[in-house]
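Visitor: no FASTA, just this:
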């Protein structure tokens, strides 16, 4: 009868033999992580010492084999750290944004680990994940709840790939529904944009913070704050007509590292070349110092160095409020660009290319206004009810 096969990470009967030197040799078969059974042996001055030495070696071998192995008994916290280490590696390779990693880390530390960290994976069920996410939604809102679900799903996805689950529990929870939007994206009308530009240009505080030109860059191109802050002189062509700007990256802040230009915009579609309105091209020409280096950023912080997108956003908010537009945010510049393109009859595809959106639907749903469209349906549907002959001589 065949001997039962050893389970992974276990050993069989320990056998001992006397050696010619007077010592004792202890031997056991150990089934390694690769499924191959190999003999392991240790020597001692006595049988007891040899067996003890062998057991210690087998224990160390198992620990090495299973150091990165995830089982149903594994606690959530160390598995979460393994998952986040993989996320950080993707950031280092340029596949993920440092901002994304920072958001994941915040959710891990503030919502996920306090709720699930000390539980074994076998204790984490669909209902438990559902309760955690709902509690986050009630306390922090829909956006934080969705990100929390994403993080939990990422960690449990790693466990699923190690055969802990048949299906990822986070994928089975109740859908998180956001409140219905009250209105379409708000944008500035042409007269409002002109008025706001003039007011910011006349605001001494805004001028001292070098906001007028920076705001014009956003208005004239639809760039995001971080993208505009990352533009260097080498990315501008101010000699051609129209002028051009190449969006190559975005300014980000990484904890422990400070500000730097991430050489990749928000998405692959973020890499783009945009034409400049003539008024903006001339403004940038006047701004360019005679000794400007191609690698110098166009818009530095008031005290020098890179502009912090968060600080600049706060400065712009103050300028908008001082100008009489308290509802205004820097993002409205992008909505204004999209709205004016829409009003001019340009396609959603063109607006998506301008704004750097990967999906046209993003532009259509969030940046375009709802208006009467000439779809042709009215003319087609005229056939449903024939129009009577005004002379009264209907045929048939």
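Guide: It's in. Note that the structure is a prediction, hence the values are computed from the model and not measured. Numbering: from 1, shown residues only.
Visitor: Please count neighbours and contacts with C-alpha atoms only from this point.
Guide: Will do.
Visitor: if I look at residue 18, how far off is residue 28?
Guide: Per CA to CA, to the nearest Å, residue 18 is found 15 Å from residue 28.
Visitor: Repeat that for residue 59.
Guide: For residue 59 relative to residue 28 (CA to CA), the value is 12 Å.
Visitor: ok, the two, which is more surrounded?
Guide: residue 28 (21 against 14; other CA atoms under 10 Å).
Visitor: Would you check that the more buried one makes contact with residue 39?
Guide: Yes. Counting by CA atoms under 8 Å, residue 28 does reach residue 39; the two are 5.6 Å apart.
Visitor: Just want the phi and psi numbers for the residue nearest to residue 11 when sequence neighbours are not counted.
Guide: Closest residue to residue 11 apart from its sequence neighbours, by CA to CA, 6 or more residues apart in numbering: residue 30 at 4.2 Å. Listed backbone geometry of residue 30 is phi -120, psi 130, with angles given as degrees, to the nearest 10.
Visitor: 12 is where my numbering starts, stick with that
Guide: All right, first residue 12 from here; so that's residue 41.
Visitor: what's across from residue 41 in the sheet?
Guide: residue 22, residue 49 (DSSP bridges).
Visitor: burial measure for it, as a count.
Guide: 24.
Visitor: Could you do residue 366 as well?
Guide: 23.
Visitor: what about this structure, any weak spots by pLDDT?
Guide: 12-13, 74-79, 191-196, 275-281, 369-407 (pLDDT under 70).
Visitor: most centrally placed residue in it?
Guide: residue 111 (3.9 Å; CA atoms, centre = their mean).
Visitor: before we move on, which element is that one in?
Guide: Element membership of residue 111, judged by DSSP states H and E, is helix 109-118.
Visitor: Can you give me the buried ones in the next helix or strand after that helix?
Guide: Heading C-terminal from helix 109-118, the first helix or strand you meet, by DSSP H and E, is helix 124-127. Of all the residues in helix 124-127, those buried under the rule 16 or more other CA atoms under 10 Å are 124, 126-127.
Visitor: For helix 124-127, enumerate the helices and strands it packs against.
Guide: In terms of contacts (3 or more CA pairs under 8 Å, 6 or more residues apart in numbering; DSSP states H and E), helix 124-127 is packed against helix 87-103.
Visitor: Run through who's touching the helix it packs on.
Guide: Residues outside helix 87-103 that contact it (CA atoms under 8 Å, 6 or more residues apart in numbering) are 81, 107-109, 112, 116, 124, 127-132, 165-166, 169-170.
Visitor: Ok, stretch 241-248 next?
Guide: By CA under 8 Å, 6+ apart, stretch 241-248 touches 254-262, 272, 303-310, 317.
Visitor: what residues go with each domain of this protein?
Guide: Here the domain parsing of the chain from automatic domain parsing is 26-76, 87-183, 201-377.
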